[in-house]
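J.: The following block contains a protein sequence and its predicted model.
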Amino acid sequence: MDNQSVELITRLVLEALGEKAGAPEAGFAVPVGVSARHVHLTQEHVEALFGEGYQLTKKKELMGGQFASNEQVTLVGTKLRAIENVRILGPVRKASQVEISLTDSLKLGISAPIRESGDIKGSSPIAIVGPKGAIYLKEGCIVAKRHIHMSPKDAQAASLKDGDMVSVQIDNERGTIFNEVKIRVDPSFTLEMHIDTDEANASRIKTGETARIIR
């Protein structure tokens, strides 16, 4: 038996025993949160859209010190295609960013890249319209890459670290497996996998249902 065959058999045996180096605990359960389209704004852009001195008002607390605000805006893409009633998340940021789904991207007539939140360099331009004005972002519109938020305690329990990539299985009638799911670890995070509305609809999963990390 050649060395390549020996290595292959050894790897298969280790995986079957759940002893693959660096692998997370098999079947580690993670609640799912479906992330709808939303906007992050700088204070300057909040005031451009809602008026001088305007402050976002809190509707619902979210993890990591964020909140869903009561304020909503309209997104405008090419050929004046628009999506109304898009919620703003606070608090304000250093750079404005729009997160949409691929279906939204097609509707708006733009080509938003799949990126991690905050990685907006060279991303799609988009216009945002509020009750008191409008702004145009030369870059800033993305489709958020699927990811899992974890506290350090959860990461330790799952044998994972910040930046790891895993696969996640949804055990329902669609039987979906999501690959390339990034682990994000921070003390302010609660355990939750974030997928967008396209991914949720395709897998027939709703916020609060459970997925499993399989590798």
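T.: Arrived safely.

J.: drop to CA atoms for contacts and neighbour counts, all remaining ones
T.: Will do.

J.: roughly how far apart are residue 146 and residue 91?
T.: With distances taken as C-alpha to C-alpha, to the nearest Å, residue 146 is found 22 Å from residue 91.

J.: Which one's more surrounded, those two?
T.: More neighbours surround residue 146 than the other of residue 146 and residue 91, with 21 against 18 (other C-alpha atoms under 10 Å).

J.: Contacts only, for that one.
T.: Residue 146 makes contact with 180, 181, 182, 193, 194, 195, 196, according to C-alpha atoms under 8 Å, 6 or more residues apart in numbering.

J.: That one and residue 196: what is the separation?
T.: Distance from residue 146 to residue 196, by C-alpha to C-alpha: 7 Å.

J.: circling back to that earlier point, of the contacts of residue 146, closest to residue 29?
T.: residue 193 (10.1 Å; C-alpha to C-alpha).

J.: For that closest one, list each beta-bridge partner.
T.: Under DSSP bridges, the beta-bridge partners of residue 193 are residue 32, residue 148.

J.: and it, what is it in contact with?
T.: By C-alpha under 8 Å, 6+ apart, residue 193 lies in contact with 30, 31, 32, 33, 146, 147, 148, 149.

J.: If you drop the residues flanking it in sequence, what lies closest to residue 46?
T.: Closest residue to residue 46 apart from its sequence neighbours, by C-alpha to C-alpha, 6 or more residues apart in numbering: residue 54 at 6.8 Å.

J.: How many neighbouring residues does that neighbour have?
T.: For residue 54, the neighbour count with other C-alpha under 10 Å is 14.

J.: shift numbering so it begins at 124
T.: Yep, numbering from 124; the last one is residue 177 now.

J.: three-state assignment of it?
T.: coil (DSSP: H, G, I helix; E, B strand; the rest coil).

J.: That one is in contact with residue 167, isn't it?
T.: No: between residue 177 and residue 167 there is no contact under C-alpha atoms under 8 Å: 9.5 Å.

J.: Now do the helices in this protein.
T.: 126-139, 166-173, 225-231, 275-280, 320-326 (DSSP state H).

J.: so can I have a markdown table of the contacts of residue 316 showing distance to residue 171?
T.: Shown next, in a markdown table, are those (distance: C-alpha to C-alpha, whole Å):
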| residue | distance to residue 171 |
| --- | --- |
| 153 | 39 |
| 154 | 37 |
| 155 | 35 |
| 156 | 31 |
| 269 | 31 |
| 270 | 32 |
| 271 | 33 |
| 272 | 32 |
